[in-house]
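Q: this one's structure only:
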Ligand SMILES: Nc1nc2c(ncn2[C@@H]2O[C@H](COP(=O)(O)OP(=O)(O)OP(=O)(O)O)[C@@H](O)[C@H]2O)c(=O)[nH]1
């Protein structure tokens, strides 16, 4: 845009069929970015049709005959339409926007309205001035305005995209893809912090495991096994507080850190999960039930989290040895 603004008029018409698509593609990319950000349609077919019409007009008024005023008007109409395409959908969509998104939204709203008004402004004010563009203060001012708006909008889009990208990476780094629960890495990081946070004491660790899960896979297939894993995860999340950690440790093994819970509270939570799971909201074919076993240990202040998880795991082993579908509590810190 800057380069084109300083070209002499003869060169402008020579370059029009090349610079036109640059403007149009730039506008389309901006529209696409905004539409994707706010999850609304971007109407690519309409944009392509508008682009083709504008390109035909540019050709007619630069190669066939030289008419800069018609070129400027049609290019601005095309850019206005392309920029404005997702505006109604974004405007009527009720979504919770944070501060940065609100800033992006309003910048886009002003920009979209400005680009729609530009052809009208051209018609009313500047049409005669276009004939001698470089000497027109009006023309230079609107060019600078467009440049400034474009820079602000693309800068904001870039910042929001980077922020969202980092959030997605963090989410993927810390969560299990199948169940959405925390993964092992996130658990160790968070558990260390929870263990020393006075407001969260007492803290208990639960290690849970689905019984005979191999049979589910072997009998009904892996896809069914995945459904069970997701359902069990959802059940566990339903039974805990928002400050608790629910982790898929691997396979069909889960580790939970319960805050403000002594061993009795933890046992109650484990029993509730065990009962809900065996009541089976996720009913296996032929009325088969899913059961779970749990081992529990207290994470007392100063204890090593890994050791406590090991202790709880040993209790889980006892639960499995004693016939499964039960909860075993480590007695070291039992009241
Ligand atoms: N569907 C599915 N299965 C998984 C996944 N990860 C691990 N498994 C399966 O989980 C099963 C674990 O089997 P085992 O470790 O023998 O345990 P189990 O059959 O539950 O027996 P117990 O724990 O002793 O009651 C294996 O069949 C794994 O293939 C997964 O992401 N999806």
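A: Happy to help now that I have it. Note that the structure is predicted; figures quoted are calculated from it, not measured.

Q: least trustworthy helix or strand in this protein by mean pLDDT?
A: Ranked by mean pLDDT, DSSP states H and E, the helix or strand of the chain with the weakest confidence is helix 2-5, at a mean of 67.

Q: how many neighbouring residues does residue 240 have?
A: The number of residues packed near residue 240 is 19, by other CB atoms under 10 Å. All C-beta spots, glycine's among them, are computed from the backbone N, C-alpha and C.

Q: pretty sure residue 82 contacts residue 31?
A: Yes: counting by CB atoms under 8 Å, residue 31 is a contact partner of residue 82 at 5.6 Å.

Q: between these two, which one's more packed in?
A: Between residue 82 and residue 31, counting by other CB under 10 Å, residue 82 is the more crowded of the two (29 against 23).

Q: so is the more buried one in a helix, a strand, or just coil?
A: Look at residue 82: counting by DSSP: H, G, I helix; E, B strand; the rest coil, its state is helix.

Q: skipping adjacent residues, who's closest to it in space?
A: Closest residue to residue 82 apart from its sequence neighbours, by CB to CB, 6 or more residues apart in numbering: residue 27 at 4.3 Å.

Q: overlap in contacts of residue 82 and residue 31?
A: Jointly contacting residue 82 and residue 31 under the rule CB atoms under 8 Å, 6 or more residues apart in numbering are residue 47.

Q: how far away is residue 300 from the ligand?
A: The gap separating residue 300 from the ligand is 28 Å, by CB to the nearest ligand atom, to the nearest Å.

Q: that residue: neighbour count?
A: Here the number of neighbours of residue 300 (other CB under 10 Å) works out to 14.

Q: got phi/psi on it?
A: Per-residue torsions, residue 300: phi -80, psi 150 (degrees, to the nearest 10).

Q: tell me the pLDDT of the residue of the chain found nearest the ligand.
A: Nearest to the ligand, among the residues of the chain, is residue 225, at 2.5 Å (CB to the nearest ligand atom). With respect to pLDDT, residue 225 scores 90.

Q: can you count the residues close to it?
A: Around residue 225 there are 20 other residues, counting by other CB under 10 Å.

Q: what packs against the helix or strand where it lies?
A: Counting by DSSP states H and E, the element that carries residue 225 is helix 222-238. Counting contacts by 3 or more CB pairs under 8 Å, 6 or more residues apart in numbering; DSSP states H and E, helix 222-238 is packed against strand 203-210, helix 213-220, strand 245-250, strand 253-258, helix 263-279.
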